[in-house]
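[1] Provided below for reference: sequence and predicted model.
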Amino acid sequence: MPSGQALALSELIETVGGSKELECRKHIGLIARLLVPNSLDRFLQILDEEPSRAGRSDLGILYESMESGWQRKGVAFWEVKSPQAALFKADDSKVRFRPSEELIKAETQLLYYFSELSESGEFRSRYGITDRMDFRLGGIIIGHSRRMLGGDSNQVEAGATDFALNLRRQYFYSRCNMRVLPWDYLRDTVLHWEEAGALYPGILRA
């Protein structure tokens with residue numbers, strides 16, 4: 001049986017209309033293990049709303065890696081938006097799709113927070129990070145895989161928004177190793193792990 005926390009998160013994700021961003025962020029601990037850069041990295045700590053000149057970052061994931069045989073700490077930064085937020089809007093035609101205001105805002109915030117905090121000696125000292133190269137652009141958590149298009153979605157070819165996201169992944173996101181993940185993907189992974197009796201992502205069972 002799924003845990004009460006996983007079911008609560010699922011209900012928030014499937015809510016249509018409004019915004020459940022703040023409520024979903026309370027369940028970040030469930031999915032934190034999925035947000036490290038590589039599958040062999042060890043999750044250490046959630047860094048919530050770290051301050052910088054550009055504002056407060058939504059989420060940092062402190063992790064430990066064994067890259068090149070050396071044990072070292074790093075941070076992956078993430079922006080968190082509502083599962084009700086759209087990723088795209090139709091452009092002048094029904095064939096092209098441009099990023100939504102929420103997606104553009106998340107991209108902008110992530111870049112600024114990453115730039116500011118990765119240059120901060122005080123931040124590196126506080127969390128034991130030795131080098132700027134140990135900072136990563138984690139990515140953006142936003143939307144729902146079945147609700148990627150805002151506005152009128154009638155007469156849109158099936159798979160068109162998937163193609164639009166894959167274009168951005170191929171030419172933009174993959175070049176800096178960042179990810180854009182819908183909330184329902186993270187929820188489904190948690191439920192799969194629970195059904196298999198595995199560890200919660202980010203939370204070690206005794």
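    Perfect, I can see it now.
[2] which residues sit against stretch 118-125?
    Here stretch 118-125 makes contact (C-beta atoms under 8 Å, 6 or more residues apart in numbering) with 50, 52, 117, 129-130, 132, 135. (Glycine included, C-beta is placed from N, CA and C.)
[3] just the buried ones from the residues you listed?
    50, 52, 117, 129, 135 (16 or more other C-beta atoms under 10 Å).
[4] okay, and which of the contacts of stretch 118-125 map to strands?
    Of the contacts of stretch 118-125, the ones assigned to strands by DSSP state E are 52, 135.
[5] could you give the average pLDDT over the strand of greatest length in the chain?
    Under DSSP E, the strand in the chain containing the largest number of residues is strand 72-80. The average pLDDT for strand 72-80 rounds to 95.
[6] which parts of the helix or strand that that strand is followed by are buried?
    Counting by DSSP states H and E, the next helix or strand C-terminal to strand 72-80 is strand 88-90. Across strand 88-90, burial judged by 16+ other C-beta under 10 Å covers 88, 90.
[7] give the next helix or strand downstream of strand 88-90.
    Counting by DSSP H and E, what follows strand 88-90 is strand 97-99.
[8] partner strands of that next one, parallel or antiparallel?
    strand 88-90 (antiparallel) (DSSP bridges).
[9] residues in contact with the partner strand?
    96-100, 103, 148-152, 156, 161, 164-165.
[10] ok, 6 Å please
    The contact list for strand 88-90 (C-beta atoms under 6 Å, 6 or more residues apart in numbering) reads 97-98, 100, 148-151, 161, 164.
[11] looking at these, which is nearest residue 60?
    Among these, residue 100 lies closest to residue 60 (C-beta to C-beta), at 24.2 Å.
[12] so who does the closest one touch?
    Contacts of residue 100 by C-beta under 6 Å, 6+ apart are 86-89, 150.
[13] try it again at 7 Å.
    Contact partners of residue 100, counting by C-beta atoms under 7 Å, 6 or more residues apart in numbering, are 85-89, 150.
[14] over to residue 60?
    47, 50, 75, 77.
[15] dump the contacts of stretch 118-125 to JSON lines, plus pLDDT and distance to residue 4.
    Below are the contacts of stretch 118-125 laid out as JSON lines (pLDDT from 0 to 100; distance: C-beta to C-beta, whole Å):
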{"residue": "50", "pLDDT": "93", "distance to residue 4": "29"}
{"residue": "52", "pLDDT": "90", "distance to residue 4": "35"}
{"residue": "117", "pLDDT": "95", "distance to residue 4": "34"}
{"residue": "129", "pLDDT": "93", "distance to residue 4": "35"}
{"residue": "130", "pLDDT": "88", "distance to residue 4": "40"}
{"residue": "132", "pLDDT": "88", "distance to residue 4": "41"}
{"residue": "135", "pLDDT": "95", "distance to residue 4": "35"}
